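Enquirer: Could you work out the structure for the sequence below:
(chains A and B)
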Amino acid sequence: GAGVSQTPSNKVTEKGKYVELRCDPISGHTALYWYRQSLGQGPEFLIYFQGTGAADDSGLPNDRFFAVRPEGSVSTLKIQRTERGDSAVYLCASSLTVDSVTEAFFGQGTRLTVV
Amino acid sequence: DQQVKQNSPSLSVQEGRISILNCDYTNSMFDYFLWYKKYPAEGPTFLISISSIKDKNEDGRFTVFLNKSAKHLSLHIVPSQPGDSAVYFCAASGSGNTGKLIFGQGTTLQVKP
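Expert: Numbers count the residues shown, from 1 in each chain, chains lettered A, B, ... in the order given. Purely as a prediction, here's the structure:
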């Protein structure tokens, strides 16, 4: 596809369950970013990858959150033992390189609801 | 600590008039500022940016002004159109970490026909 694709678009899960959110970046983009947007707030940085490695994971709120990008393309954000406070829209973005973060393209997001 | 702030949660403007969205920041090390526009159920889309070495950047109906001494930037849309109705986020990058954007809380703009 031409843009950043995120699946699923919506996810409802029970408290305590494990979830995986997927991001397919724009082909050829080496940098990939995850953000979280809570209601009434702006996107909040979680982690970014340059290639396969996590270059900065300082935004991950705690060790229940983990992200991987094993082949330098698709990335998965994994949340263990979900809590109601994890409910938010999770946004993924990609850019050609990390130096072009100001030209990042965002996906439509995955709305996660923890009940 | 909110490094990028948009203090107006909403703004309503008549079609054809000017919309002015404001943003304040606290970190003087930011070297790039951006505005994003977001429609419901869509991801943010890039609108316009400005480097910290400039004080103005214009692109069609959109102009961003940067006042570094006041740590303030604004987005001007003129003339405003109903299709401009969306949530607008300002964001900043730099401060030694080029991979991270710091976003404000957003301002919801409504342009009335």
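Enquirer: from here on, contacts and neighbour counts on C-alpha atoms
Expert: Noted.
Enquirer: can you give me the strands for chain A?
Expert: Using DSSP state E, the strands of chain A run over residues A:5-7, A:10-13, A:19-24, A:31-37, A:44-50, A:53-56, A:65-68, A:75-79, A:88-95, A:105-106, A:110-114.
Enquirer: what's the first-to-last distance across stretch B:62-81?
Expert: This stretch, stretch B:62-81, spans 12 Å end to end (C-alpha to C-alpha, to the nearest Å).
Enquirer: hang on, the earlier thing: of the strands of chain A, which is nearest chain B?
Expert: When these are compared by C-alpha to the nearest C-alpha, strand A:105-106 sits nearest chain B, at 5.4 Å.
Enquirer: any idea of the mean pLDDT for the closest one?
Expert: Per-residue pLDDT over strand A:105-106 has a mean of 93.
Enquirer: Adjacent strands (with direction) for it?
Expert: Strands adjacent to strand A:105-106 in the sheet, as given by DSSP bridges, are strand A:88-95 (antiparallel).
Enquirer: what's in contact with the partner strand?
Expert: For strand A:88-95, contacts defined as C-alpha atoms under 8 Å, 6 or more residues apart in numbering or on different chains pick out A:4, A:6, A:23, A:25-26, A:29-39, A:43, A:101, A:103-113, B:43.
Enquirer: how about 6 Å then?
Expert: A:25, A:29, A:31-38, A:101, A:104-107, A:109-112 (C-alpha atoms under 6 Å, 6 or more residues apart in numbering or on different chains).
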